[in-house]
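> sequence and predicted structure below; questions after.
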There are 2 protein chains.
Amino acid sequence: MTPTELQQYLHENIPLSKVMEVAVVSVTEDSVVLTAPLPPNINHQHTVFGGSASAVAILAAWSLVHVHLSLAGISTGIVIQRNSMEYLRPMWGAFTATSHIPAAEDWKRFVRMLERRGIGRIVLPSVLQYEGEIAGAFEGEFVATLDRS
Amino acid sequence: MTPTELQQYLHENIPLSKVMEVAVVSVTEDSVVLTAPLPPNINHQHTVFGGSASAVAILAAWSLVHVHLSLAGISTGIVIQRNSMEYLRPMWGAFTATSHIPAAEDWKRFVRMLERRGIGRIVLPSVLQYEGEIAGAFEGEFVATLDRS
């Protein structure tokens, strides 16, 4: 899946991602990097609204599960079950959200559970960066359900 | 502060709240209730996008701090420092986010710290409801800084 394909998928299926002007920077073997500009995501203090920061962090982690399961030829529904978010610094401009695959063993266990039981659960991080510095830390638990149709 | 005034404030200062069509249902002594419809907040599964759910929960809790400090005549900057969110049920339509003032003692301690030290910290919940049932549980820590200007 190319960055353009993922971006189109997000914009078409989650219209808020288009309004937030979320763009896909890169999609690699083990990471997804998204970016969003300040203007559509600004708050009363002229920094990035926490709700936007959180939403882009969710999208990065969700996309990582989506891309990797698609690449593995596994068709699923993926939903977020819980998350935590720390807002470490105000962001005064465009920011990125990077989600990495956790330990290979965790990922393998997730796919194995999904294939065996039709349901798998995985915890993924997203890191927000502004001007090269870490500005936020997200962790989300996602549940994927095998599409048997 | 009336619901209309709060809604105008949110839409003008946090433009994403306008795009998400967040409306203020009520503002009382000890709670703020917001609502948002499905269409601008929909995801790939035709339910409310987790990022929207999270953002509206943040707005409800943030608004509660904003409204109550304004009523107390205290001018501050309020930012979110961390939050957790549990997504308990999919929401297939308009939903509400309700934030309540926690124990009176916590609120008094928060205002006292803010007045004495110029900075206060408080943890507030928001509960998401869809068709009368609890669909999500948010908890956020907010920091208010006295505006000395």
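On my side now, so go ahead. Numbering: from 1, shown residues only, chains lettered A, B, ... in the order given.

> show me what contacts the closest residue to residue A:43 other than its chain neighbours?
Among residues not flanking residue A:43 along the chain, residue A:49 sits closest, at 4.0 Å (C-beta to C-beta, 6 or more residues apart in numbering or on different chains). (Glycine included, C-beta is placed from N, CA and C.) Neighbour list for residue A:49: A:41-43, B:14, B:16, B:55 [criterion: C-beta atoms under 8 Å, 6 or more residues apart in numbering or on different chains].

> torsion angles phi and psi at residue A:49?
Backbone torsions of residue A:49, given as degrees, to the nearest 10, read phi -60, psi 130.

> so is residue A:97 in a helix, a strand, or just coil?
Remark: residue A:97 carries the secondary structure label strand [criterion: DSSP: H, G, I helix; E, B strand; the rest coil].

> can you tell me the closest non-neighbouring residue to it?
Excluding its sequence neighbours, the residue lying closest to residue A:97 (C-beta to C-beta, 6+ apart) is residue A:60, at 3.9 Å.

> circling back to that earlier point, most surrounded residue in the contacts of residue A:49?
residue B:55 (29 neighbours; other C-beta atoms under 10 Å in any protein chain shown).

> assumed it was part of a helix.
Yes - according to three-state DSSP, residue B:55 belongs to a helix.

> thinking it is in contact with residue A:51, fair?
Yes - Residue B:55 lies in contact with residue A:51 (C-beta atoms under 8 Å); the separation is 2.7 Å.

> find residues that contact each of these two.
Shared contacts of residue B:55 and residue A:51 (C-beta under 8 Å, 6+ apart): residue B:16.

> name the residues that touch stretch A:19-36?
Outside stretch A:19-36, the residues within contact range by C-beta under 8 Å, 6+ apart are A:1-4, A:6-7, A:10-11, A:37, A:39-41, A:48, A:52, A:55-56, A:59-61, A:63-64, A:67, A:94-101, B:16, B:19, B:40.

> biggest strand in chain A by residues?
strand A:133-146 (DSSP state E).

> could you export that one as CSV, CA atoms only?
The C-alpha trace of strand A:133-146 is given here as CSV (Å, rounded to 0.1, in the frame of the first residue of the first chain):
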residue,chain,number,x,y,z
GLU,A,133,11.0,17.0,19.3
ILE,A,134,8.6,14.6,21.0
ALA,A,135,5.4,16.5,21.8
GLY,A,136,3.0,13.7,22.7
ALA,A,137,2.8,10.0,23.5
PHE,A,138,-0.1,7.8,22.7
GLU,A,139,-0.8,4.1,23.4
GLY,A,140,-3.9,2.4,22.0
GLU,A,141,-5.3,-1.1,22.2
PHE,A,142,-6.9,-2.3,19.0
VAL,A,143,-9.1,-5.3,18.4
ALA,A,144,-9.3,-6.9,14.9
THR,A,145,-12.0,-9.3,14.0
LEU,A,146,-11.7,-11.7,11.0
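
> what are the buried residues along that strand?
Buried residues in strand A:133-146, counted by 16 or more other C-beta atoms under 10 Å in any protein chain shown: A:135-144, A:146.
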